[in-house]
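S.K.: 3D model of this:
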Amino acid sequence: MHSLCMIVYVLSWIGFFVILYKLLKKVFFIGAVLHPLYSSSINYAFAQTPYAQNVPAPQTYGAWTKVCALPPGTPNMQCEVVQNVHTQGRHDITLRVTFYKLPQKQGALMRVFVPIRVELRPGVGIKIDDKNMGRMEYRRCLGDNCVAEAFLKEDILQLFLKGKMATYFIFTTPEQGIGGFVDLQGLGDAYATLPT
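M.R.: Have a look, this model is predicted:
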């Protein structure tokens, strides 16, 4: 009886090791298949890293900052010049003004980002050195901001590049407009560095 128990005990251990062997064999097979796939994906990720590291650090030109980014899925760097300003009397409202150079000397795209809680219908009013430049219309609202856009031809663009101060007006109610003063110092130098 004792020898029979011993045989059952030994056989159970042998069965355990056989199952363990088969399991490890499968794991190593799966590892051998997955390892090349994993290695190639890691190599691809590292190959992309130097490309992303070529994005230059922001550069300051007077009151303006040139910022560049590599949008996902595109091989081309996009750069723009940016200035953030608080409106007069309402420091809780910040405007972000950007200039982007269009290709083939087609002028510039100017964008003004404002908080979503403004009146959209009046648009954004602009003056350059006390000269009324008209209004920009809002194009869309995303998240917490609304964006007004204007395509600037060369003659209008030069007014910004050579001006001293621009005033951007937004409306918090249909009757109440508030302004933000945008220093144009350095805009010409910053804009000249933008790629086309």
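S.K.: which element is G188 on?
M.R.: Using DSSP states H and E, G188 sits in helix 187-192.
S.K.: can you list contacts of that helix?
M.R.: For helix 187-192, the surrounding residues in contact (Cβ atoms under 8 Å, 6 or more residues apart in numbering) are 59, 61-66, 81, 99, 101, 108, 160-162. The C-beta positions use only the backbone N, C-alpha and C, and glycine is treated the same way.
S.K.: so which of those residues belong to helices?
M.R.: F160, L161, K162 (DSSP state H).
S.K.: just give the closest residue to the second one, not the sequence neighbours.
M.R.: Looking back up the chat, that one is L161. Excluding the flanking residues, the one nearest L161 by Cβ to Cβ, 6 or more residues apart in numbering is G188, at 4.2 Å.
S.K.: so V118: helix, strand or coil?
M.R.: Assigned by DSSP: H, G, I helix; E, B strand; the rest coil, the conformation of V118 is coil.
S.K.: separation between it and P174?
M.R.: In this view, V118 and P174 are 11 Å apart by Cβ to Cβ, to the nearest Å.
S.K.: so between the two, which is more surrounded?
M.R.: Each of V118 and P174 has its neighbours counted (other Cβ atoms under 10 Å); V118 has more, 23 against 9.
S.K.: show me what contacts the more buried one?
M.R.: Counting by Cβ under 8 Å, 6+ apart, V118 has contacts I93, C146, I170, F171, T172.
S.K.: these two touch, right, the last one and E119?
M.R.: Spelled out, that is T172. Yes - applying Cβ atoms under 8 Å, one finds T172 in contact with E119, separated by 6.7 Å.
S.K.: which SSE is the nearest residue to Q88 once chain neighbours are set aside in?
M.R.: With Cβ to Cβ, 6+ apart as the criterion, Q88 has its nearest non-adjacent residue at 5.4 Å, and that residue is G179. Taking DSSP H and E as the definition, G179 sits inside strand 177-183.
S.K.: list the helices and strands that strand packs on?
M.R.: Contacts defined by 3 or more Cβ pairs under 8 Å, 6 or more residues apart in numbering; DSSP states H and E place strand 177-183 against strand 78-87, strand 90-101, strand 165-171.
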